[in-house]
Structures are given as structure tokens and as C-alpha cells.
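Asks: next comes the sequence, and after it the predicted model I'd like to discuss.
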Amino acid sequence: MTLTLLILIPLLTALAVLLCKGLKQVRTVSLIGITAQFIFSFILLYVYWKGRASGNSSQFLFELNYTWFEPLKIHYHIGIDGISLSMILLTSFVVIAGVLVSWTQEFLNKEFFFLLLFLSAGAYGYFISLDLFTLFFFLELAVIPKFMLIGIWGSGKKEYSAMKLALMLMAGSALVFVGLLGLYFNTSLNGEHSFDLVEISQMHIDAGIQNIFFPFAFIGFGVFSALFPFHTWVPDGHSSAPTAASMFLAGISMKLGGYGCLRVATYLMPDAAHHYSPIIILLSTVAIIYGAFVTMMQKDLKYINAYSSVSHCGFVLLGIGMLTQTSINGAVLQMVSHGLMTALFFAAIGMIYSRTHTRLTKELGGLLKVLPFISTVFVIAGLCSLGLPGFSGFVAEVTVFMGSWENPDIWYRLATILACASIVVTAVYILRAAGTAVMGPITNNHYQHLKDAKWNERLAAGILVTGIVAIGVAPFWLYNLITPDTEYIIQHLGKALTLK
Amino acid sequence: MNMGIDFFILMKQEWAVMIVLFILLFIKVGSKDWTNENILNLVNILLLLNVIAGFFGYKEGILFNEMFKTNHLIATEKNILSLGTYIIALQSYPWLKNNKNILEFYILLLSTLLGMFFMISAGNLLMFYLGLELSSIPLAALANFDLDKRKASEAAFKFIISSAFSSGLLLFGISLVYGTTGTLTLSALPEHLYGSPLQIFAFILLISGFGFKISAVPFHLWTADVYEGSPVTVTSYFSVISKGSVIFVFMTVLYTAFKSYAVTWYNILFILSVLTMVIGNLFAIRQNNIKRFLAFSSIAQVGFILIGISGATQAGSASVIYFVLIYTFSNLGAFGVVGLVSAIAGKENMEDYKAFYKTNPMLSWVLAISLFSLAGIPPTAGFFGKFFLLMAGAGQGNYLLITIAALNMVVSLYYYLKIVKAIFMDSNENPVKKLIIAPSPKLALFICVTGIVLTGLISYVYNYIFSMSIGI
Amino acid sequence: MSEISITHILFVSTALFFIGMYGLFTRRNMITMLMAIELILNSVNINFVAFNKYLYPGKLDGVFFTIFIITIAAAEAALAIAIIINLYRSHHSIDVEDASELKY
Amino acid sequence: MSASVIIFYIISAFILVAALLAVTTRRIFRSAIFLLFTLIGTAALFFWMGVEFIAAVQVIIYVGGIVVLIIFSIFLTQKSGDELPKPLRNRSLFSALALVFSFAFTYHLIYGYGFGQTVHKPFDVKVSEIGLQMLSTKEHGFVLPFEVVSILLLASMVGCIIIAMKIKPVEEKEGK
Amino acid sequence: MSHYSYIAFIPLLPLICFLILGLFGRKYFKTFSGTVGTFSTLISTLLSLYTAYQYFFIEGKVNGIFRNITALKYTWLQFSPNFSIEMGILLDPISVIMIVIVSFISLMVHIFSLGYMKGEERFATYYAFLSLFTFSMLGLVLSSNIFQIYIFWELVGVSSFLLIGYYYENPPAVAASKKAFIVTRFADLGFLIGILMLAFYSGTLDFNTLIERLTSTQSPEFIQISSATFLGVSMLTWGLVLVFIGGAGKSAMFPLHIWLPDAMEGPTPVSALIHAATMVVAGVFLVARLFPVFSIDFTAMQIVTWVGSFSALFAAVIACTQTDIKRVLAFSTISQIGFMMFSLGVSKYGGENGLGYTGSMFHLFTHAFFKSLLFLGAGAVIHFTHSNDIKELGGLRKMMPVTHISFLIACLAIAGIPPFSGFFSKEDILIAAYHSSKLIYGIAVCTSALTAFYMFRLYYSIFWSKDFHNHGPLHGEGTLSMKIPLIILGICTIFAGFVPVSSFVTSDGAPLESHVDLAFSAFPVLMAVTGILLATYLYKTQNNRPQVIASSLGNIYKTVYSKFYVDEIYLFITKKIIFNSIGRPAAWIDKNIVDGLMNFLATTTENISALIKGLQSGKVQNYALYFFGGIVGLAALFIYLLK
């Protein structure tokens, strides 16, 4: 089972796209490639399950460890566990939906699809890499395509947003970079430093050192997943981006951060994780509540979803900060669920925008009558985002709550309660948005003869909804997929505690 | 010492350059007059041969009682330089096509290259000084090559005056070194250097001389003006070849001759690199002329290189040489496009690049990729280069420096992206017309892009350089 | 004649060096700036010869260095003057203050 | 207090005064002449130090070459005799201060270093000796620098020709 | 347990129906979808009746006690080896009786809607939503796990949201649906936190285990939870109160009642099903479900009691003044649920003292019938007259006899006139109240008198009073499909009282022989009758007496009429405090401070670069100076400072 395919398939597709002529070929080729990828990721899931079922209990499966820069001990080391696998699945869902949504992307179509595929290749690479250098490589790989996508195909003050996004993310990765170097030079396996995630996890790094470099890594990754107060790229970026890009941005690249916080910061620096957990919790709680309230005041659908993403990603960081297994499971679930949900949301908004050419709630209204399918999708996304049972959002949030509550400290519980309180605010802004935009009388007569979703849009929405419901109704498969791997993290944290 | 065959082998690269030089001279004095195209093509072929010749028959040795030394590493450095020169020669095609002094141009260019070779191989401060002068005095003439341009002559004047000034200081330093140690041989220096104030002063004077050539702040002020004034080709030569060569020498001198001052020069490099990065970036942000902009960006790059040098390990020197190679590709890629635009369309301002993508997609991509590589964005080689430089620096455990550097990378990204934005996103009523490009610049750009893409991903290059480089 | 300690000679050379420096900083006429540079180089020459004679008479390093410096000074001066004259053609002035279009 | 000492002081005083005048006088012609004096003074110093060859070279190249060159260029660029522009006061003040300070600094360093012990080894620089070493590849051979410098001269000659094509004198001067 | 698996189909059938109708209804079934929905509901009704039979008469009773049977159980989320969310089915008297009620009423509503909703554009969607609701409600009552109940709790919430907002094109409906959802959501927050507390102290989410652990006073969990305190109140109380808040929200107890009157914007059958019979009693059900735990915590019980009784009275008073049929009914619902609540509150665990519990469940049972009957009747009236304002209505008894009769029966029942069902259930409640506290008893009696009054006020002003001047065409009283449910429910209303609920549903599962104590019941009945007579006097014929009284009451009347301005208070809190004092500042801060900081960094960088541009002055001599300065600086630094 060679994981490198995960990177190669989109990459080759991207190159193939460059050879195509005209939108028709481009989109067909990319759809074929992405579908292949989609199927492949499911095959991967199947094989992974088989592997686990057959008692393969090693932490990572399908490992490949190829020495890249021998003198610097940099390896191309890849492998997957449940967490990364779930992320991979998420990515494949979002990307295929993204391609479908941008089916009629006429302007500079070749470049558009190329960048999209390139981006996805980066994300896959990120999720499978077990070597910090490779990880960082793919982390930064994903920044510039976003810049291009937003800047070229975006709307509104796109240049500003694109620049802001690129710079803030780069600043984030700069911090990550320092953190990684710090780790590297303080690991010594018989005198040799190492970038290898697995090796580092087996070494013991002095707590003092950890406390120095944890903030770099965590904040750095945190910027990617909208850690308060470094979240300001999120609203602008998301709202200016073209639909597919916003889907990708909110659906996947914000998860890069969460994944990094978990995999690198928390897993490799457990002492520091304990040391800083109150701060993390404070920040994430602020992000959750504050994000929710800010969302309440937004007028633009994309801004609404963007800020709600801030609030929702707060749950991810909260879950990580709480450092209990359930909460970390919750964080992972939340990553997946938020990815799907927000992608769906952006897809719906994009479909609405492409028809009505406005995203302001007050200018919309009564779309349910003319665009029943799209509006339904919109409402579903909304309900998922406000944590309705039967959809993934509920499962994830509940798991986070449960996990956070396991933490007996009174302040942690207070934070948990505050976090819970956000679900009410969420309900408020989601219902306001839905109520004004989708329900109510038709405000604008031009809307009378709008066409409802086409097959590609229906398919895209369908795929995402399937994902959401599959997790919402039967979460156990995903939960059981990730539990053994969060187990490792917990053991690590536990060891850190005992060493104290 | 047997001045036999190895007298030729060891100096093979110098011989190659000299042969080309003399061929050109004979053509010049020869009665038969050549068309520009023929000359240019001939030159390109000769330079290609020169590059290839560089890769054969490595031999380690010393000549002229340590006035000339060479080894695998030095040979490689020379190869990098001659490769760069070759690319520049290819790129200068459209600019020189209608120029009547092509031969002189190349004679000057090659003599500077020769100077650099001698400088790199110098085992002796005298040879080093001569090489330095040989590599800088003709450059002044080259800077002035667009004879009728006001800016060109101003640039040339500024360059020659400041280089004379700096070499004056350098000489004063050398004389003090000589006075306090009694030797000019680099390898003999260490045992005579015991850190007396006067020696340190002399050392600082020397560093200022280097700093001038590699344009490290505060010795950089000539850079931008000269880069802006000179013809693009010469600018790129300045920014890549002459800078790169001095960086090589600087590193070897620090690592070998002054290794006993390691602490001192680490601190000096710390200060210089921070200054260089910050000032370079701050100035680059607000530039409008793209050559001037590239000048400042290349100043900022030097800051990163200095960090790599400060690493003072095998990895450090390897990363520096590696980065210079990558920097050659990236910067020449950028300058190549800029040069084409300025030579064909005669435009050198950033506004002119707005909506460049509409008319010249390929060139836009080349420029963009080169800029990304300069900014250190994966998967371009620049990423690896920067990463390894900073990694080498981090080996010293000074994470303050690394953090500053990392944040400076962000700032630098800002202005690189500004150009990308102009190219791809801004609209423009009269963008640059579609450019018709001659094959040789195409080839040059192709080499650059290939270099940018492959040098990083293929780890062989780095490992190869690492295998032969030596730390302190 | 060796009662003269070398430091005296060095005093002369150093003073000459800084005088040259002063000229370089203050003179607004390009040619005079060039002259200042010649002064600087001269001081360096004195240094070399003095060191060679008084401290390291064994080898002629200093002397040779001086010879080469003089040669290079000549070349440099020639080229500089060529450039200055060319600049004079375009600017009709060799006041260094006038040659400051490239800035910021 | 032997004669040579006095001579030395006279020469050095001459050098420094001439140099100062050369960089301060407002008439360019005079400053050229003072430069000439300085150079001659230096030559004299070389004589005094007993390196006649250097002194000779100094006289030939500097006095015979560079100064002439400079004077030519003055003719070309300057309506002779008119005043030079006044130096900017701030800058001259500032640089004067800076330089005096740094002169003190440098000389303090040199003095502090203490080149006390002068070697009383005979220092004979016969021209023939120099000539031999200049072209020998053996120990103390300077053939390589010699070659390099020749190329440098060639290059700068070419450069001058290119740049100052129309001005014959410059080209001729460089010719020899 | 496998032979219970058929029970799973009771909720699942509606779910399947929902999926089918939701996905394909609009396209393929169209009007036929009504039949589909009705049929599926019919089957689950039959199944639940069968279940009830099985439970009550065959399997349920073990040596005289009705036991809890966990029919099915599937692990849904396994947080830790002994802490997991399960999907299961818990059979005990209340759940069984609830599934009967829910499925039966739902069936009635389905049938009624066939006629009522005929010709609606989103007919299929309507039935899909109905099925969704039925599914969630059945799931709720069958839940075996406190978290499962929360899940279905949310689902009923959302289906009620969807149904209230069914007429999405008229803004009031949208607003009402939002209001309903948000208010209940707010209450659910309490519920959720309550669950977290109870669950984590008892270390389980399963009802049986949880109850067992928290009731056995020497179990470690109990000691822990009752010893741990927050703000001086024990965690047990906190947990229960928070859970109760959840219940109060759903059951529209004061002060969380505001959503229910507005919810009447939904289609009337929906109100009959959700906002009269089933969903609104979920709160009562929840308390009943956790009754053993509640019963050992005095504070919680007090709160339940007082909230319940106050809401009962409060709503009744308001109901007297409203003029919108459905709103009157809505308030009466609130007040009736108040009855159920406080009767739970006054009840004790086990034996005779458990009468309140029994009475509450009994009243829940009967109330379901007559209240849904009232709503359906009202629906029929509205459908017939296209008006729901009693000022416009009147004299309809001739035109719609069936409706008239059934409505009258229902009124009598709710007023508590023997032998109608309401009488018996209210009887038990009053007895329980009487034994626990005279004050509560007083309130209860007054409330029932008021109930009688406003119900007959409604009755008279619809069917008597002035004649109805119809504008526009009048199609007959309604289709058969509308009449049948009225008739069936009417019959149920009459006879439901004779169902010996007390021998099935008791706090401890042990049967309780019911008794009608005429001496006791005389007084309440008398009060009720006076209420009726007063109503007759005021409203039977058109006259100005009501206005006179209203004007004589003046401001009091106004206050009551505008529901004691509770809505306005809420509006103030949300608009002024939440939006203007929290939301807006937060948005401002984000825009200007947090984001401003980032932009500030950028601008400062640019400013600095503009500031230092003088360095590059273009004057070569300055360059030389800087150069030299650099050297001197370095030299000074490294020769003197950094020795």
C-alpha cells in the first residue's frame, strides 16, 4: 500500500490539466483524477481496517521511510494512523465537492484547477508525513496556491484578503519553523538530531526546552486553525475566496493547524502541553464565545460562516487543550465534522451567490421557494453547524464537552460550560441567517426565475451531506478509528505527568 | 614543486576562461568582421564549453607557494560561477544584439570572472587583493556600458569610487595584518593571530571590505544605486556572480585564516545579518523600480547567507554554497525576465508588470516561480536553501537570530507577493506587449526554472556539496 | 638611521590615510575625490614598505605589495577618469552632488 | 638626533602639509599640484627608507602617469582657475570630527600594539633582485600576481577605450 | 430480548416514512404522500397498542410491580469502557403509555390533516415533517439513556421548528419558529449541563443505572454528588434543577413559556399534535422519568412545584383575556401542564404518597385527548371560517354540528366536570395537592375554576353569541377525514377517565387502587360550575358586559391582555443587552482592535521604511561616511565593549 500515491494522483492530475485544452477537458480530467483519489482513500480505509483487524498494532501503518537529505537526517517518512486517515478522508470529500462546485469556472480554468489540485496534493502530503521537515514542507506548500486562488478568482477586496492570509499563515509557519528547529536541535539519538516524529516521540526532551518551543509550535499551527487572536485572516480570506477555495480553506487548511497542534505540539511536547493547557483553554474558550457573538452581528453569509468557523475551530483547540482522551477524540471529530459542514455551507453560499449575485442576508429572502434544493442544503448545513443530532456537528461537540468535563478542575468546567453556552448563540445566528435569507417572502423579483441546482451541484452537496450524516448517525466507526491513536497521545501525556 | 602537468590541471578553469578571453581578443583585432549574432552564438558556445570543461579532472593542490590553491570544493564554486556566467551570457542576447561592443563586453566580463577565480583560489592576501580588484575594476566599466544613459554613468562612478574607497580600507587592514603577523599567507595567519586590539581592528577592516562586495548593511549603500543604473545583465552579474564569489571567499577566509576569532566574527555576523535582513527588507518594501527592488531583496538574501556562514559547521558551509547555487538560479530567473522586458519593451517599473500574465503567461510563471524561490516557498529550491541556512544558523543555539530571520522571511514574502499580485491580479489598460523571445534567453530561463525545481527536490545536489565542504 | 621608531612612520601613514579620507568625504569635485583616494593608497604603501623594512626584512612581500598597489592605483585612476569624463558628457558637471539621481 | 632623523621629520611634515593643502585648497589646479608634492614627498620617504626602486616607480607612475592624467582631465572638465564649490559645512565638520577621533583611535591602537623591536637585519632591495623575484615561479616568486595584474591592466585599458572612446588623450595615456 | 425488536419499528416506521417523503415526496408521491404517512403511523399505533397490551397485561408485571424492561440497546459512542451513549428502548409504564398517546394522537392528526392540508403546495413536506416529529417523539419517550433522550429532545425541537415555520413565507411564522427553537435551545443548554453533572457523578448515562446509583443513599456516587457543592448548593440539586430547566423549556413553564403562544403560527393540526398533546409534555415526562431521583431532593421538588403551580395560574389568568382561539388554547395548555408539573412536585415516591405522580400521568393522558380535540376543533373552525379571532366568530353551532359537539365535550372535560375524563385526572391531582400543601391546593382550585371560565368563554363566543356573517364562500363543515378524528377523540375524551391509569402508572410501579371521593370533589366541581355559569352570563349572548368589566379593571386588564409584558422583557434582554451590549462591541473589537493590530503591524513596517529612506540619500560621500561609521562602530563595539 504505497501512500505516496496520495500525493502523486492529484499531482499528476494537475500536470495533466496543464496539457488540456478548454474547460470541458480540464474539468473532466480533474474530476477523473479526483474521483480516483476519492476511491483510493476509501480503499485505504478498507485496507487500514483490514490491517488493524489482522492485529497489526503498530502506531502507523503503511510506513515508508526514505532518506532524503542524509547529512541533515531529513527523511521522507510517511505513514498513517486513524487520525491522519480520517483527515485524508475529509480531504478527499471536500476536494471532490470543490471540483464539482467549480464545474463552470470559465475564467482561467486551467490555472484554477491546477492550483486546486496542487493544494490538495499538499494537504494529503501534510497528513501522511511523519517527518517534521516533510510536514513543514507540505504545510508551507499549501499557502501560496491559496493566495493565488483568492487573489485571482476571488471577489470583494480580494488582493487585501489574499495578502493578509498569505502573510499571517506564513508568519504562523515561521513560528512553527523555529519550534521545529528547536525540537530538532534538542533531540539527540546517540548524538544525532532527528526530525522523525516517531523517533522524537520516543525521546525525552527536557521540560524547560519544551516550555520554550511549545508556544512557537502551538501558536504557529494555531494561526492556521484561527487561534484567537490570530484569526483575523479567516473572515477576510474566506469571504473573498472563490467557492471552491473557501471550501478548501475552511474545510481543510484550518485543519492543518489543528492536526499540527495535536500531532506536533501536544504529542511531542507533553510537559509543555500540560504547562500551557490553561492558556490554550482560555484562548480557545474566548475564540468560541467571542467568535459566536461576532458572528451574530455579521450581515454577509460568507462572513457569518467564516466567523462561525472561528468559533467552531475553537472547539478543536479546546479539545486539545483539555488533554483528556475523550476531548482529544472530540477535537479530531470536530475537525472532520467542521470540515465537511463548513465546506457544505460554503458550497451552498456559493450556489446562492452565483445565482443572486449577493451574499447580504437582508438582500436575500424567500429562496426556499425558488431554489428549494439549495436552500435545503443551506438549512442542513446550518442545522449541522448548530449541532443538531443526526449530523456530525452534534457528535463532535458533545464529545468535546464530555471530554472537557472529565477534567475535574472547576475552572476547566467553567470553560466547558461557557463553550456549551455558545451553542445557543450559534442557534441564534444560524436561524437568523436561515430565517432572513432562505425563508420569508421573496424580496427581489429577479429571484422568481432562478434555476435550482444542477447535477454537479447536487452531487457535490450530496457527497458532503452523506459524509455529515454518516458521522452524525453512526459516529462509532470514526470514533473507533481514531481512539487507538489518541491513546498513544494520552499515554505520552500521562508519562509526562508521571515524570513530573 | 613540479610545475608540470598539474600546473595546467589545477588551473584548468582559469586556463579555460583565459583561452576564451584570448579567442575573443583575436577576433577583435582580427580583420574579419563578424555579425553580432555569430559573435553572440560563438561566445555562448565557448562559455558552454567552459562550463563543461569545469567538470572534468578535479585535482587538489597548491601552486606558486600557496598563492594559488585549489580543491574539489573550490572547483565546484568556480563551476557554479561559470554556470551563472553562462546563463547571464544567454540572457544578455536581446540586449547585446544591436550593441557594437559585444566583444569588449565579454572581454571585460570574462576578465572579472577570471579575477574571481583567482580570488577564490587565493592562498595569499596579495592574490586575494589582486583578484578582488580584477573582479571589480572592469565591472565599473561594465556598469557604464550603456554609454548614453545618465544613470549608467552615475552608477559606474558611484561604484568605482566606493570600491576604491573600500579597497583602500581593505588595504589598510591588510597592511596592519601584515604588520602584526608578518605574513600574507592565509594558512600561516592563525598562529600569528592572538587577538590584540589592533589585529581585531584590522580584521574588522577586512570584514568591511568583504561586506562591501557582498553588500552587507551598513556597507551596502552603493548596491541599489549601481544595480538600478547598470544594464540589467550587468546588474544580474553583480548580484549573483560577483556577490557569490566573494561569499565563497569570505566563508573560507573566516573558517580557515581567522578561525581563532570565531567568537568575534560570530557576533559580528550576528549584528550584520540582522541589520542586513531588516534594512534590506524595509527598503525593498517601498521600491518601484524592479531592478532596484531586486537589489534590496538580494541584500536581504545576504542577511540569510550570513546566518548560514555563522553556523560555522560543515552543514553551514554546505548550506551556504548550496544556497548560492539556488540563488543563482532564482535571481537569474527573475533578472532574466526583467531583462527581457527592459530590453524589448523598455519598461522597468512595477506598474508595467500589472496584468503581465494576460500577455505573457509563460514569462509570468517563470518570474513568479523565481520570486517564490527567492521567498523560500516550497516546492522551489529556495525553500530548501533558506531552511538549511537557518538550520545551520540554529545549530549555534541562537534562536533569537533564527526568529528574527523567520519573521523577516514573512516580510520579504510580502514584497515578492506584491509583484505576483501585480502580474496576476491587477488590471492594466496598456500592459507589456507579447514579447518575442530569442532561443537563447529561452534556454537560459529554462535552465533557471529546471534548476529551481530540481535542485531542491533532488537531494543529490545538497549531499554532493555537503560531502566536499568543510566546517571550521 | 634606525633611531626612528616605526610608530613614527606609521603616524605619518595613518595621518595621510585619514587626510585622504577627509578629502574623499568633503571634496565635491570628482577628480579631487580621486586624488584623495590616491593619498589613501599612498599611506598604505608607506605602511607596507615600513613594515617590510623594519619588521620583516626577510621577504619582500611588502615591497611587492606596494608595487602592485601602485599599478592597480594607476589602472583604477585611469578607468575612474574615463568614467568621470563620460559622466561629464551627460551631466555637464563633475560635482558629485549633481550625480545623485539614483536614490531612496 | 642624527641628520636622517631630521630629514625624516622634514619629509613627513612636508608630506602631511602638502596632503592637507591638497584636500582643502579651493583651487583645483593647486590641489593637483599639492597632490604632486605629496607624492614626491612619499617618494622621498621611500628613498629615505632605502627602497629606491619603489621610489622610482612611485615617481614614474604617480608623478609621470596619474598626476598628468588628472591634470589632463582637469583641463577637459574644468574651466581652469575657477573656484571649487564650497564643501557642505555640516558634512565637512562631521567628517572632520569623526576622522580626528578615529585617527586618534587608530593611532592609539597602533601605538598600544608596540612595534618596538625593529629588526636590524640588512634590508637590501636591489632592482635586479626584484626583477628576478617578479618573474620567478619558485620560492618568493611573484609571477602569478604579475600575470594577474597584466590582465587587469588589459581589462581596464579595454574599459577605458570603450567608455572614453572619443577622448584620445586618455586612451593614449593608458596605452603605455 | 430479541422478541422486543418489533418495538424498534414503532419509531423507525415514521423515520423511514420521513426519509421517503422527504427525498422523493415532492416529485413522486405528491398528494398520495398523505396516505403513506397516515398508513405508517397507523401501523406504529397498532404496534404500540400491542406493546401496551404485552407490557401491561402479560410481561410487564413481576410479582405485582411493573418493572423496567430494557428492550433493546446498541452502543452508539463508547467514551470509555464503562461510559457510553447507547441507543436503546426502555419499557416502563410511562414510556408505554406515552407511545400509545403519541402514536394515537399523531394518527388522528395525520388523518385530520388529510383534509385540512389538502391542496397545500408542500403537502409531502408537511407529512415528512410530521413523520419526523412522530419518530423523534417516540424515540424520546422510549429512550433508555439520558443522552439518547437529549438527542431526541433536540430532534423534536427541530421538527417543531420546521413545522411552526411551515408557512415560511409569512414572516410571523418564521419569527415564531426561530423563537421556539432558540428559547427551547436555551433551556436545553441547562439540560445538557445537568446531564454532564449527573452523568459524571453517577458515572453512567444509562437511566436505570443512573437512577439506581443516585437513589441508593449509601452508594459512593450518591455521597459524592450530594457532598460536592457549588455556591453552597449540592451538585445533585444543581444537576436536577438544570435538567428541570430543560424540561421547563420544552413544557413552556414560566418564564420560558413565551414561545408556545407564538408557536400557534404553525398549521393547526401541528399545534394539536406538538403544542398540545405530545411535545410540550416532554418536560413532564422528563421529570417523571427521573422522578425517583427528584423525589429525594427537596429543593428540586419545591422548584418543580412552584414553577408548575405558578405557571398554571399565570397562564389561566392570561387565557381569560386572549381573543385568538389558538392562543387561548395555548395558554390553557400551559396551565394544564402546570397542573401536571406541580402534581409531580407535590408527589412523593411510592405508595399512596405517589398519587401526585399517578395523577400527573393520568392528567397527561386525558389532557392529550381533550386538548388535541380542542385544537382540531379549532382547526376545523378556522378552516371553515378562515378566521381565528373570537370577536369575528359566533353562532357556528348550526353550521358545524360535529365540531360543536366535540368541542363542547372537550370543554366539559377540561373544566373537570364529571364524568368527563378531565374530572378524574384533575381529581387525583387536587387530592395530592391537598395532602401536600393547602396553598397549592387553593391555587389549583382557582386555576381549574378559571379554566372552566375561559374555556366556556371560548366555546360560547365561537358557537353562540352573535351570528356569523360569512364573507366569501363557505364549503361545508369539512371533509370526512376531518370529522372522523373529532368523533374518535370525542369518544376517547368521554371515556378516557374510566381507564384505571392508577393501577398501571405509579411512582414505584406498584398498582394503586383509584377512588373517587365525592365529598372532596364537590368543591372543585362547584367552582368549575360557577366558572361556567359566569361565562354563560357574560358570553352566551352578545352583550357589552365583558367590555364593562374589562374597562373597570383598566390597567390590570391591559397588563393581563398583553401577557404581563413578558415578551417585551425578553425582547429588551435580547435586543438591548445581548445584541447591543455584547454582540456589537465584540464585532467592533474584532474589526478595530484585533484586526486593527494586524494591520497596524503592516502599516508600521511601511512607515518605518518610509522613515529611513533618507539613508539611501544618493550621495556617494554619505555612503562612504556610513561605511566608515559602520567600521568605527564595529571596532568600538568589539574592541572596547565586548572584551
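Replies: Sure, I can see it. Numbers count the residues shown, from 1 in each chain, chains lettered A, B, ... in the order given.
Asks: quick one: neighbours of A:His193, just the number.
Replies: 19 (other C-beta atoms under 10 Å in any protein chain shown). For every residue, glycine as well, the C-beta is placed using N, CA and C.
Asks: and it, how far from E:Ala519?
Replies: For A:His193, the distance to E:Ala519 (C-beta to C-beta, to the nearest Å) stands at 93 Å.
Asks: then A:Phe230?
Replies: A:Phe230 sits 76 Å away from E:Ala519, going by C-beta to C-beta.
Asks: the more surrounded of the two?
Replies: Legend: neighbour count by other C-beta under 10 Å for A:Phe230 and E:Ala519, higher for A:Phe230 (25 against 6).
Asks: may I have the phi/psi pair for the residue of chain C found nearest chain E?
Replies: Of all residues in chain C, C:Lys103 sits closest to chain E, with a separation of 2.6 Å (C-beta to the nearest C-beta). C:Lys103 adopts backbone torsions of phi -160, psi 180, taken as degrees, to the nearest 10.
Asks: same thing with E:Met87?
Replies: phi -100, psi 120.
Asks: what pairs with it across the strands?
Replies: E:Tyr74 (DSSP bridges).
Asks: surely it touches E:Tyr74?
Replies: Yes. Using C-beta atoms under 8 Å, E:Met87 makes contact with E:Tyr74 at a distance of 4.8 Å.
Asks: the two - which one has more neighbours?
Replies: For E:Met87 and E:Tyr74, the more surrounded residue by other C-beta under 10 Å is E:Met87, and the numbers stand at 20 against 11.
Asks: tell me how far that one lies from A:Thr483.
Replies: E:Met87 is 19 Å from A:Thr483, by C-beta to C-beta.
Asks: got it, and B:Leu125?
Replies: 69 Å.
Asks: which one's more surrounded, these two?
Replies: Neighbour tally, B:Leu125 and A:Thr483, criterion other C-beta under 10 Å: the higher count belongs to B:Leu125, 26 against 20.
Asks: what about the nearest residue to B:Ser92 once chain neighbours are set aside, neighbour count?
Replies: Distance criterion C-beta to C-beta, 6 or more residues apart in numbering or on different chains; nearest residue to B:Ser92, sequence neighbours excluded, is B:Thr233 at 4.0 Å. Number of residues near B:Thr233 (other C-beta under 10 Å) recorded here: 25.
Asks: return the backbone torsion pair for B:Thr233.
Replies: Per degrees, to the nearest 10, the backbone of B:Thr233 is at phi -60, psi -50.
Asks: do the same with B:Gly61
Replies: phi 180, psi 180.
Asks: what about B:Val432, which helix or strand?
Replies: Per DSSP states H and E, B:Val432 falls between elements, in no helix or strand.
Asks: actually A:Gln25, not the one I wrote
Replies: Secondary structure (DSSP H and E) places A:Gln25 in helix A:22-53.
Asks: same question for that helix, mean pLDDT?
Replies: The pLDDT scores in helix A:22-53 average 92.
Asks: how about it and chain B, touching?
Replies: No. Helix A:22-53 does not reach chain B (C-beta under 8 Å from any C-beta of the partner chain); its nearest approach is 15.2 Å.
Asks: mind listing what's buried along whatever helix or strand comes next after that helix?
Replies: Beyond helix A:22-53 on the C-terminal side, the first helix or strand identified by DSSP H and E is strand A:61-69. Within strand A:61-69, the residues that count as buried by 16 or more other C-beta atoms under 10 Å in any protein chain shown are A:Leu61, A:Phe62, A:Trp68, A:Phe69.
Asks: whatever helix or strand E:Leu526 lives in - contacts with which helices or strands?
Replies: Using DSSP H and E, E:Leu526 sits within helix E:518-539. Under the contact criterion of 3 or more C-beta pairs under 8 Å, 6 or more residues apart in numbering or on different chains; DSSP states H and E, helix E:518-539 touches helix E:401-415, helix E:421-436, helix E:438-463, helix E:545-553.
Asks: what do you get if the cut-off is 6 Å, keeping everything else the same?
Replies: Applying 3 or more C-beta pairs under 6 Å, 6 or more residues apart in numbering or on different chains; DSSP states H and E, we find helix E:518-539 packed against helix E:438-463.
Asks: compute the inter-axis angle for the helix it packs on and helix E:518-539.
Replies: 40 degrees (axes from the mean of the first three to the mean of the last three C-alpha atoms, to 10 degrees).
Asks: give me the pLDDT for the residue nearest to D:Val100 when sequence neighbours are not counted.
Replies: With sequence-adjacent residues excluded and distances taken as C-beta to C-beta, 6+ apart, D:Val100 is closest to C:Phe18, at 7.8 Å. pLDDT, the model's per-residue confidence, is 94 for C:Phe18.
Asks: I'd guess C:Phe18 is in a strand, am I close?
Replies: No. Read with DSSP: H, G, I helix; E, B strand; the rest coil, C:Phe18 is helix and lies in no strand.
Asks: ok, how many other residues are close to it?
Replies: Neighbours of C:Phe18 under the rule other C-beta under 10 Å: 25.
Asks: touching, it and D:Phe103? I think so.
Replies: Yes. With contacts defined as C-beta atoms under 6 Å, C:Phe18 counts as touching D:Phe103 at a distance of 4.4 Å.
Asks: of all of chain C, which residue lies closest to chain D?
Replies: C:Gly23 (3.1 Å).
Asks: that residue touches C:Ala36, doesn't it?
Replies: Yes. Taking contacts as C-beta under 6 Å, C:Gly23 lies within contact range of C:Ala36: 3.1 Å.
Asks: what do these two both touch?
Replies: Listed as contacting both C:Gly23 and C:Ala36 by C-beta atoms under 6 Å, 6 or more residues apart in numbering or on different chains are D:Val23.
Asks: where in chain C is pLDDT low?
Replies: Residue ranges of chain C with pLDDT under 70: C:1-3.
Asks: one more: chain D?
Replies: Counting by pLDDT under 70, chain D contains low-confidence residues at D:1, D:79-82, D:116-120, D:166-176.
Asks: the stretch 1-150 of chain B: helices as residue ranges?
Replies: For the stretch 1-150 of chain B, applying DSSP state H, counting those that start in this stretch gives helices covering B:5-10, B:12-29, B:36-54, B:72-91, B:93-96, B:102-121, B:125-143, B:150-181.
Asks: for the stretch 151-300 of chain E, that is, sorry about that
Replies: For the stretch 151-300 of chain E, the helices defined by DSSP H, counting those that start in this stretch occupy E:171-202, E:207-215, E:220-227, E:235-250, E:259-263, E:268-272, E:282-289, E:291-295, E:298-319.
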